[in-house]
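A.B. asks: fold the following for me, if possible:
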Amino acid sequence: MVREGFSVLLGAMPDIEVVGEAVDGRQAVDKVAELHPDVVLMDIRMPEMNGLEATREIVAADADAKVLVLTTFDLDEYVYQALRSGASGFLLKDASAGQLAEGVRIVAGGEALLAPTVTKRLISEFSKIDTPRAPTQERVGDLTERETEVLVLVAQGLSNGEIAEHLVVAESTVKTHVSRILVKLGLRDRTQAAVFAYEARLVTPGG
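C.D. replies: Have a look, this model is predicted:
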C-alpha cells in the first residue's frame, strides 16, 4: 500500500516517471538491471533481500546508480550502513509528497540528500558504532586546507551553491574541490564524503 502510494504521488509529478516497482530487494536488483532508472527509492526492511544488501548489489553492478533510502529514526544504524554501501541519501518515510519528489530530483541531479537537521540526528546515532578511525584520519592528510574546509561543509549538508556563497568563491571552484576530494579519498559521491568526514571526526554530532 505504501509503495503504491509513493508510486502514485511521484507519477503525478510532471517531471518524474515511475518506470517500475519491486516487492522485495531481490526483485529490486533485477528491475534496476533491466530498467536502468535514474533513481532507486529503496526501503530497508523487505523480504527475500533487505535494502542494505540490495543497495550494495545495485551499486556494485553500476557505480553511477543513485539509491535513495527510505527510513524512520529507529533504523539509524541501518541507514548508516546503507550510506557506506553507496546510497546517495536518505529520506524519512513520513515526508510529504513535495519532499519526496524534491528528494528524487536532488539525488537525480547528483547531489547528496543530507538535510542538516536530519543528518545531525542520524550521525549522533551512528557515531556510537565502533568503527576503525586511524586509516580514515591518515587519509585526511592528503587534502589541502581548503579541500578539508569544503569537505566539512559538504558533511554539514550544504549544496555547492551554498558552499560557494559561504566561502565567497565561484560554484565551479567548489565543484572542482569536491571532485578532487572524491578522487583523493577514493569515494564515489558526496554522501560517502559526508560519512568520511564524520568518521574522521572532522565534524561531530551537533557540531
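A.B. asks: backbone dihedrals for the residue nearest to A170 when sequence neighbours are not counted, please?
C.D. replies: Nearest residue to A170, sequence neighbours excluded (C-beta to C-beta, 6 or more residues apart in numbering): A164, at 6.2 Å. Placement of C-beta: from N, CA and C, glycine included. Main-chain dihedrals, A164, degrees, to the nearest 10: phi -60, psi -40.
A.B. asks: check contacts around A164.
C.D. replies: A170, E171, T173, V174 (C-beta atoms under 8 Å, 6 or more residues apart in numbering).
A.B. asks: the residues you listed, buried ones only, as a ChimeraX selection?
C.D. replies: Here the buried members of the contacts of A164 are turned into a ChimeraX selection, burial being counted by 16 or more other C-beta atoms under 10 Å:
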select :174
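A.B. asks: which one of the contacts of A164 sits closest to V140?
C.D. replies: Set against V140, the nearest of those by C-beta to C-beta is V174 (18.9 Å).
A.B. asks: now do the helix ranked longest in the chain: which elements does it pack against?
C.D. replies: Counting by DSSP state H, the longest helix found in the chain is helix 171-185. Under the contact criterion of 3 or more C-beta pairs under 8 Å, 6 or more residues apart in numbering; DSSP states H and E, helix 171-185 touches helix 145-155, helix 160-167, helix 190-199.
A.B. asks: so which residues of this structure form helices?
C.D. replies: 2-11, 25-35, 51-61, 76-84, 97-108, 116-126, 134-140, 145-155, 160-167, 171-185, 190-199.
A.B. asks: looking at these, which has the lowest confidence?
C.D. replies: Among these, helix 116-126 carries the lowest mean pLDDT, at a mean of 57.
A.B. asks: thinking R26 is in contact with I58, fair?
C.D. replies: No: using C-beta atoms under 8 Å, R26 makes no contact with I58, being 11.4 Å away.
A.B. asks: just want to know which of these two has more residues nearby.
C.D. replies: I58 (24 against 16; other C-beta atoms under 10 Å).
A.B. asks: surely the more buried one touches V32?
C.D. replies: Yes: in this structure, I58 is within contact of V32 by C-beta under 8 Å, at 5.2 Å.
A.B. asks: contacts only, for I16.
C.D. replies: I16 touches L10, A101, V104, R105, counting by C-beta under 8 Å, 6+ apart.
A.B. asks: number of nearby residues for the third one?
C.D. replies: Neighbourhood size, V104 [other C-beta under 10 Å]: 24.
A.B. asks: could you check the distance from it over to A28?
C.D. replies: Distance of V104 to A28, given as C-beta to C-beta, to the nearest Å: 16 Å.
A.B. asks: how about the residue lying farthest from the centre of the chain, phi and psi?
C.D. replies: Largest separation from the mean C-alpha position in the chain: V168, at 25.9 Å (C-alpha atoms, centre = their mean). V168 adopts backbone torsions of phi 60, psi 50, taken as degrees, to the nearest 10.
A.B. asks: any idea how far it lies from V174?
C.D. replies: If you go by C-beta to C-beta, the gap between V168 and V174 works out to 11 Å.
A.B. asks: ok, now L41?
C.D. replies: For L41 relative to V174 (C-beta to C-beta), the value is 28 Å.
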